[in-house]
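Asks: Sequence first, then the predicted structure:
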Amino acid sequence: QKEVEQNSGPLSVPEGAIASLNCTYSDRGSQSFFWYRQYSGKSPELIMFIYSNGDKEDGRFTAQLNKASQYVSLLIRDSQPSDSATYLCAVNIGDFGNEKLTFGTGTRLTIIP
Amino acid sequence: DTAVSQTPKYLVTQMGNDKSIKCEQNLGHDTMYWYKQDSKKFLKIMFSYNNKELIINETVPNRFSPKSPDKAHLNLHINSLELGDSAVYFCASSQSPGDYGYTFGSGTRLTVV
């Protein structure tokens, strides 16, 4: 089983709709969860992080975490063409002081005008 | 005023050559990383240094040797380059191991011919 799993997509969403991106992870001890956005040919850019169960909202983005189900998601409301990118789920895995950010394979999102 | 800068941005070289990639961060972070992103966009950690000390060394061929002269710099030297080394190499930094998200450099696209 991969440490962090995502549906690779591509996921196509009409402009203005809600895009829903999902991620599961294998390490029950993980405490920190991140969503990165990567445009083609660019470096990953942190857009959200979440540490506690529940929802965390930042503008059009909402991260959701369910540690019991080992599941984290990202919702993008009012999707814009500029949201078209690959979204990488990342989880901090490892013992204190030796943590490493482990990435999923990413979900490619396309917003259709 | 780039936070994490890598040089060179592109590197094309022949098999068997030795090459280096340099990384510098001006964020005052204690921890730096090297990640490799393959052709399927999978980001995998290679090395992590905390305040010049190696703390993570994933299963990487010993042809790859990182060096951290101070906590603001982390370089990657690769000996006897092979075709399979072709990838995008990202440097990243964080305040400390396991803290917050990472800031990535713009990447070095290495092509071995």
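Replies: Yep, that arrived.
Asks: CA atoms for contacts and neighbours, from now on please.
Replies: Noted.
Asks: pLDDT-wise, which helix or strand of the chain ranks last?
Replies: Just going to use chain A. strand A:100-103 (a mean of 89; mean pLDDT, DSSP states H and E).
Asks: that's the wrong chain, I meant chain B
Replies: strand B:53-57 (a mean of 89).
Asks: now what about that one, what contacts it?
Replies: With Cα atoms under 8 Å, 6 or more residues apart in numbering or on different chains as the contact definition, strand B:53-57 has outside contacts at A:97, A:98, A:100, B:46, B:47, B:48, B:49, B:68.
Asks: Considering those residues, which possesses the most neighbours?
Replies: In terms of neighbours by other Cα atoms under 10 Å in any protein chain shown, the contacts of strand B:53-57 top out with residue B:48 at 27 neighbours.
Asks: could you dump the contacts of strand B:53-57 to a markdown table with secondary structure and distance to residue B:40?
Replies: A markdown table is the format used below for the contacts of strand B:53-57 (DSSP: H, G, I helix; E, B strand; the rest coil; distance: Cα to Cα, whole Å):
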| residue | secondary structure | distance to residue B:40 |
| --- | --- | --- |
| A:97 | coil | 30 |
| A:98 | coil | 27 |
| A:100 | strand | 21 |
| B:46 | strand | 17 |
| B:47 | strand | 20 |
| B:48 | strand | 23 |
| B:49 | strand | 26 |
| B:68 | strand | 29 |
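Asks: Out of the residues you listed, the closest to residue B:12 would be?
Replies: residue B:46 (20.8 Å; Cα to Cα).
Asks: mind listing what the least confident helix or strand of chain A pairs with, with the direction of each?
Replies: Paired with strand A:100-103 in the same sheet, following DSSP bridges, are strand A:85-93 (antiparallel).
Asks: now the strand it pairs with, how far from the centre of its chain.
Replies: 5 Å (Cα atoms, centre = their mean, to the nearest Å).
Asks: what does it contact?
Replies: With Cα under 8 Å, 6+ apart, strand A:85-93 has contacts from A:4, A:6, A:21, A:23, A:25, A:27, A:29-40, A:44, A:99-110, B:98.
Asks: No more questions from me, cheers.
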